[in-house]
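Novice: Build me a model:
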Amino acid sequence: MIINIIKCKTALSNSNLPGLDYSLNPYRGCQHNCCYCYVPNVLKIDRQKWGNFVEIKKNIPNILSKELRRKKSGIVGISTVTDPYQPVEKKYNLTRFCLEQLLIHDFPVHIQTKSDLIKKDEDIISKFTKIELMFSIGTINDNERKILEPNSSSIKNRLKTIKFFSDIGIKTSVFFGPIYPTIKKEDLSDIINTFIEYGAKEIMVDKFNLKPGIKDILKEKIPNSLENIENKFFFKETYNEINSICNKKNIKSDLAFN
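Specialist: A predicted model of the protein is given here:
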C-alpha cells in the first residue's frame, strides 16, 4: 500500500447527490479495494492502481475550519469518493479531526462507510444535533463479501456497529447496494429482517453500475452471476420485492440516485 501525505486547497465541495449539500473526503484513494467501485471512473484513476494507494490530506481539518466560518449551514456528506473509516483513519484520524470542526459549528452530517472503525468516534458523533450513519452492505454472505470487497469490515461487524449506534439513539440506515447478483428473491425477506433487527431505520437500494472496466473484473470474480447484473429486470424485480417487504415492515426504502 502506497501512502502519500499531501496538502489540499479545499475541504468542502458542493454536492449534487440527493440529500447532501456538501461532500467532504479526508482521503483520496481507498484501501477497501472494492472491485466494483465507481470512483476510479469518476476521478479518472487507473483502475489497476485503485486500492493500492491512499493520499492523506494532512491539512484538511485546518482548511475545513476556515471554510466553516463562511459557509452556509448544510448537510455534509462524509465521504462520497472514499471511505472515511478505511484502515489509515486509525493512524491519521482525519475524519475524527474534521468531525470536531463540524461539531463546533453543528453542521448536519451524513456519514457513509463499510467500516466498524467508526465506533472509535462515538463520543463525537453522539454530540451532533443532526447526524445519520449509513452502512453499505451489498450481501450478508461474508464469503462473497471477501471476493468483491476484500479489505472491508466483515458483514457481521458492520451489523453489530449498526446496532451499537442505533442502541444509543443515533439514526442508522443501510445502503443495500450494489445488491449482489447472487441474492435470490426468497432471500430478501430474511436480509431485510436482519437489517431491521440490527437497528436500521431506512434502506437505500442500488444496483451494480457497470462503469468501464468493472464488467471485466466481475467476469473474473463472479462469472456465473454476471447475467443477473446485465439483466435490467433482475434489479427491477429485486427492488420491487424489497419495497414490498419494507412496506409491510413499515420501514422506508428508496432507490439510490433516483
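Novice: send the alpha carbons of the longest helix anywhere in the chain over as PDB?
Specialist: Secondary structure assigned by DSSP state H gives helix 232-249 as the longest helix of the chain. Written as PDB, here are the backbone C-alpha positions of helix 232-249 (Å, rounded to 0.1, in the frame of the first residue of the first chain):
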ATOM      1  CA  LYS A 232     -32.300  -5.000 -16.300                       C
ATOM      2  CA  PHE A 233     -35.300  -7.000 -15.000                       C
ATOM      3  CA  PHE A 234     -33.300  -8.600 -12.200                       C
ATOM      4  CA  PHE A 235     -32.800  -5.400 -10.300                       C
ATOM      5  CA  LYS A 236     -36.200  -4.100 -11.100                       C
ATOM      6  CA  GLU A 237     -37.900  -7.200  -9.700                       C
ATOM      7  CA  THR A 238     -35.500  -7.300  -6.800                       C
ATOM      8  CA  TYR A 239     -36.200  -3.700  -5.800                       C
ATOM      9  CA  ASN A 240     -40.000  -4.200  -6.200                       C
ATOM     10  CA  GLU A 241     -39.800  -7.100  -3.800                       C
ATOM     11  CA  ILE A 242     -37.600  -5.100  -1.300                       C
ATOM     12  CA  ASN A 243     -40.100  -2.200  -1.400                       C
ATOM     13  CA  SER A 244     -43.000  -4.600  -0.800                       C
ATOM     14  CA  ILE A 245     -41.200  -6.200   2.200                       C
ATOM     15  CA  CYS A 246     -40.300  -2.800   3.600                       C
ATOM     16  CA  ASN A 247     -43.900  -1.500   3.300                       C
ATOM     17  CA  LYS A 248     -45.100  -4.500   5.200                       C
ATOM     18  CA  LYS A 249     -42.400  -3.900   7.900                       C
END
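Novice: contacts for stretch 208-228?
Specialist: Stretch 208-228 is contacted from outside by 35-36, 38, 40-41, 47, 144, 147-148, 178-182, 229-230, 234-235, using Cβ atoms under 8 Å, 6 or more residues apart in numbering. For every residue, glycine as well, the C-beta is placed using N, CA and C.
Novice: residues in contact with stretch 7-17?
Specialist: Under Cβ under 8 Å, 6+ apart, the answer for stretch 7-17 is 21-25, 57-60, 63-64, 67-68, 71, 76-77, 80, 98, 257.
Novice: Which ones among those map onto strands?
Specialist: 22, 23, 24, 57, 76, 77 (DSSP state E).
Novice: Next up, the contacts around the third one.
Specialist: Applying Cβ under 8 Å, 6+ apart, one finds that residue 24 lies in contact with 11, 12, 13, 64, 76, 77, 78, 79, 98.
Novice: Excluding sequence neighbours, find me the nearest residue to it.
Specialist: residue 78 (4.9 Å; Cβ to Cβ, 6 or more residues apart in numbering).
Novice: Now for that neighbour, how many residues are close by?
Specialist: Neighbour count of residue 78, defined by other Cβ atoms under 10 Å: 24.
Novice: With that, I have no additional questions.
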